[in-house]
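>>> Just to be clear, the model below is a prediction. Sequence and coordinates:
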Amino acid sequence: MIGNIYICLNEETYNSEIPDLFSRYRRAEFDEEGALVQLLPTTFAEMGEDNKRQYGRVLEFQKDGDNFYILEFSASWLNGEVSYLLGLGEGLAYPNNTLLTSDEAVSLVQENTGE
C-alpha cells in the first residue's frame, strides 16, 4: 500500500470529473516535443485505471443494489485535497463517498463480497 487515502465512492461520483485540485491525476495532452498542451477532463474511474500500477486496482462491490468503488491514492491535507474528499460524503449515508483506513476498506469489501 502506497497511498494515504482510501475512499469509497458511489457510482455517480466515481463517474464524475475530478476537480482541478487533483491536477496531478488528470490526463494530459502533449505536443510532438513532449511539452504539456493541456490537462484533460478526467473522472475518478479514469484516475483509478491510470493509477492501478502504483496503487492497485479499484475494488468494486454492491451494497443494497448500488455499486461502490474503493480507490487508494495520495491526497494532501495541506493543499485541501483531503478536505475536498471529506466534503464529497457530506450528508450522505455510509458508505457513499466515505474516507476509510486500509482496515476499514478491507472490512467493507469483505462484508459485501466475501473476498
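Cool, the structure landed. Numbers count the residues shown, from 1 in each chain.
>>> Give me the contact list for the top strand by length along the chain.
Secondary structure of the chain per DSSP state E: the longest strand is strand 66-73. Contact with strand 66-73 is made by 1-3, 5-11, 14, 25, 44-45, 47-48, 51, 55-56, 58-62, 95-96, 100, 102, 105, 108-109, 112, as judged by CB atoms under 8 Å, 6 or more residues apart in numbering. Placement of C-beta: from N, CA and C, glycine included.
>>> just checking, what packs against the helix or strand following it?
Downstream of strand 66-73, the first helix or strand assigned by DSSP states H and E is helix 81-88. With contacts taken as 3 or more CB pairs under 8 Å, 6 or more residues apart in numbering; DSSP states H and E, helix 81-88 sits against strand 5-10, strand 98-100.
>>> ok, the last one: who's next to it in the sheet?
So the one you mean is strand 98-100. strand 5-10 (antiparallel) (DSSP bridges).
>>> average pLDDT across the strand it pairs with?
In this model, strand 5-10 has an average pLDDT of 96.
>>> Now the longest strand of the chain - C-alpha only, CSV.
Below are the C-alpha coordinates for strand 66-73, written out as CSV (Å, rounded to 0.1, in the frame of the first residue of the first chain):
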residue,chain,number,x,y,z
ASP,A,66,-25.9,0.1,-5.5
ASN,A,67,-22.4,-0.1,-7.0
PHE,A,68,-19.5,1.2,-5.0
TYR,A,69,-15.8,1.6,-5.8
ILE,A,70,-12.8,1.9,-3.4
LEU,A,71,-9.8,3.8,-4.6
GLU,A,72,-6.4,4.2,-3.0
PHE,A,73,-4.3,7.2,-3.8
